[in-house]
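Novice: Any chance you can model this:
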Amino acid sequence: MIDKNEVKKELYKSKANAKFSHYVSGNLYYTVELSDGIYQFPISTIDIGKISEMIETDLYVGVKNGGYLGIDDKKIYDKKIVEDKEVFEEILITKLSSDLGTTSFYAEVKGSELNRWITKAIDKGDFIKVN
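Specialist: Below you'll find the predicted structure:
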């Protein structure tokens, strides 16, 4: 198990840069070189979830006459037919991750500046040794 505090300490001491590797499915991938090898970790740029969980303000939909209709419980469903029965699933939405804030991401950045996302990756098991 990787000790996130040891990783943070090493990044502050070594001043190692994290290098942008690639982008896939809403994730920026960076690599960082530590004393025992090179590690890769993702930074999610999007949040995916149910409308009712992702939108905190009131929700409205446009109607044909040009007005708006308020949706009280903020749930919108997709109707599907499964085995000749109607099944309703709440629609998922994708939006820019609120975790990004105004952070700028460059090809190279001090690894310690990405500690927030490195910690998340370690906690999720996504801080992976690649070499």
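
Novice: pLDDT score assigned to the nearest residue to residue 50 once chain neighbours are set aside?
Specialist: Leaving aside its sequence neighbours, residue 50 sits nearest to residue 90 (Cβ to Cβ, 6 or more residues apart in numbering; 4.9 Å). (Each C-beta comes from the backbone N, C-alpha and C, glycine too.) Note on residue 90: pLDDT of 88.

Novice: do residue 8 as well
Specialist: Turning to residue 8, the model gives it a pLDDT of 94.

Novice: Could you report the neighbour count for it?
Specialist: 16 (other Cβ atoms under 10 Å).

Novice: Report the secondary structure element holding the residue nearest to it when sequence neighbours are not counted.
Specialist: For residue 8, the nearest residue in space outside its immediate sequence neighbours is residue 115; the separation is 5.3 Å by Cβ to Cβ, 6+ apart. Secondary structure assigned from DSSP states H and E places residue 115 in helix 115-124.

Novice: picking up where we left off before, any idea how far residue 97 is from the residue nearest to residue 50?
Specialist: Residue 90 sits 20 Å away from residue 97, taking Cβ to Cβ, to the nearest Å as the criterion.

Novice: domain assignment for the chain?
Specialist: Here the domain assignment for the chain is 1-45+97-131, 47-96, based on automatic domain parsing.

Novice: Surely residue 17 touches residue 112?
Specialist: No. Taking Cβ atoms under 8 Å as the contact criterion, residue 17 and residue 112 are not neighbours in contact, 9.7 Å apart.
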